[in-house]
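J.: could you work out the structure for the sequence below:
(chains A, B, C and D)
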There are 2 protein chains.
Amino acid sequence: MKIDDDVRIRLKEKFEEFIKSKRMRQTPERFAILDKALDQHVHFDIDELYRDIEKEYRVCRATVYNTVELLCECNILRKHYLNENQAAYELADDRHLHLICMSCGSVREVRDEKFNQYFEQLKFKQFKPTFVSTNIYGICSQCSRKNHKDLN
Amino acid sequence: MKIDDDVRIRLKEKFEEFIKSKRMRQTPERFAILDKALDQHVHFDIDELYRDIEKEYRVCRATVYNTVELLCECNILRKHYLNENQAAYELADDRHLHLICMSCGSVREVRDEKFNQYFEQLKFKQFKPTFVSTNIYGICSQCSRKNHKDLN
DNA sequence: CCTCTTAAGAGAAATGATTTTCATTTTTTT
DNA sequence: AAAAAAATGAAAATCATTTCTCTTAAGAGG
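T.: Got it, this is the predicted structure:
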């Protein structure tokens, strides 16, 4: 994600406050997981995060699951369901559409101000929205080309 | 879904043609599964569909999975990922947003012409879109009320 | 700083949706 | 009607995620 140091510090403080307000404990694991989560690509899954953490620390997969869940609760991360394999996580304030290839499973991010505007003005009866996850399924150019070749 | 008979017949023919074009076999199971899929609610999962089919026919879960996959390939159904438990399927031509409650998991459909217009004009470099799945996560009014009570 | 309480972590086992395997059945072709 | 091959059923396998139990260590109070 290439997070600026000041953002990183702000998010750490945010997490710290959240933990305190919930009367939970500030464990080194929790902060290590936050730190590594901020080093990931735009979207990542638990396994990618775990394999990255593993190089440096010794944490249990279940702890990674638990902590990432907390990071979602306190609005630092957001959980998306892009495909059936596993949940994908992203920084909460990075809004974009997902272009998902139904052939190879690749995911590309596209930012669009009009899209953000559209959603900001949306209001619902009887429903308080927190965030939007928009998945556009189709075929990426690489698979499209490959398919053409395969037919020859 | 409350499908009109003529739509039902058209979709059956569409599936029939798809099967023929792929040189696959027209089995009674496949048409029974299509028929029951069209009886479901706006969105349904394999388990719901299976339990409904089970009452009348004797089909294997794996066959339901396979056939629903085929129905997606031939553009009759679409596969959505609303939450981590299981995939949800919907009729391909019923476009809407999903309001998903993060507390109880309920899903509500909202149709919006502006949303359809927005997406129809979208163009992407190097990506051929097939369909859009928009999930809005938040808290439904029921859970919102319940939460308030719980705090008292 | 020390001790106690208990939340949190480790590791392993369990769960549940989906996929795979393989023997058997059934469709389609000849 | 018989042969060839695809599809089904049933059961086992897979894999992300959750749960369980035992152990460790954070944080409150002294």
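J.: the longest strand along chain A: how far from the chain's middle?
T.: Secondary structure assigned by DSSP state E gives strand A:127-140 as the longest strand of chain A. Computed by Cα atoms, centre = their mean, to the nearest Å, the separation of strand A:127-140 from the middle of its chain amounts to 13 Å.
J.: sticking with the residue positioned nearest the centre of chain A, tell me its helix or strand.
T.: Residue closest to the mean C-alpha point of chain A, counted by Cα atoms, centre = their mean, is A:Glu90 at 1.7 Å. Assigned by DSSP states H and E, A:Glu90 falls within strand A:88-91.
J.: for chain A, which segments count as strands?
T.: Going by DSSP E, chain A shows strands at A:43-44, A:77-80, A:88-91, A:97-101, A:107-110, A:127-140.
J.: tell me what the last one is packed against?
T.: Of the remaining helices and strands, those touching strand A:127-140 by 3 or more Cβ pairs under 8 Å, 6 or more residues apart in numbering or on different chains; DSSP states H and E are strand A:77-80, strand A:97-101, strand B:97-101, strand B:127-140, helix B:141-151. The way it works is simple: take the backbone N, C-alpha and C, and place the C-beta from them, glycine included.
J.: give me that answer again for 6 Å
T.: Helices and strands touching strand A:127-140, by 3 or more Cβ pairs under 6 Å, 6 or more residues apart in numbering or on different chains; DSSP states H and E, are strand A:97-101, strand B:127-140.
J.: excluding sequence neighbours, find me the nearest residue to the residue nearest to the centre of chain A.
T.: A:His43 (4.9 Å; Cβ to Cβ, 6 or more residues apart in numbering or on different chains).
J.: the helix or strand bottoming out on mean pLDDT in chain A versus strand A:127-140: what angle between them?
T.: Using mean pLDDT, DSSP states H and E, helix A:141-151 stands out as the lowest-scoring helix or strand of chain A, at a mean of 77. Angle of helix A:141-151 versus strand A:127-140, following axes from the mean of the first three to the mean of the last three Cα atoms, to 10 degrees, is 40 degrees.
J.: centre of the chain versus helix A:141-151, how much separation?
T.: Distance, stretch centre to chain centre, for helix A:141-151: 30 Å (Cα atoms, centre = their mean).
J.: would you mark the buried spots in it?
T.: Residues of helix A:141-151 classed as buried under the neighbour-count rule (16 or more other Cβ atoms under 10 Å in any protein chain shown) are A:Cys143.
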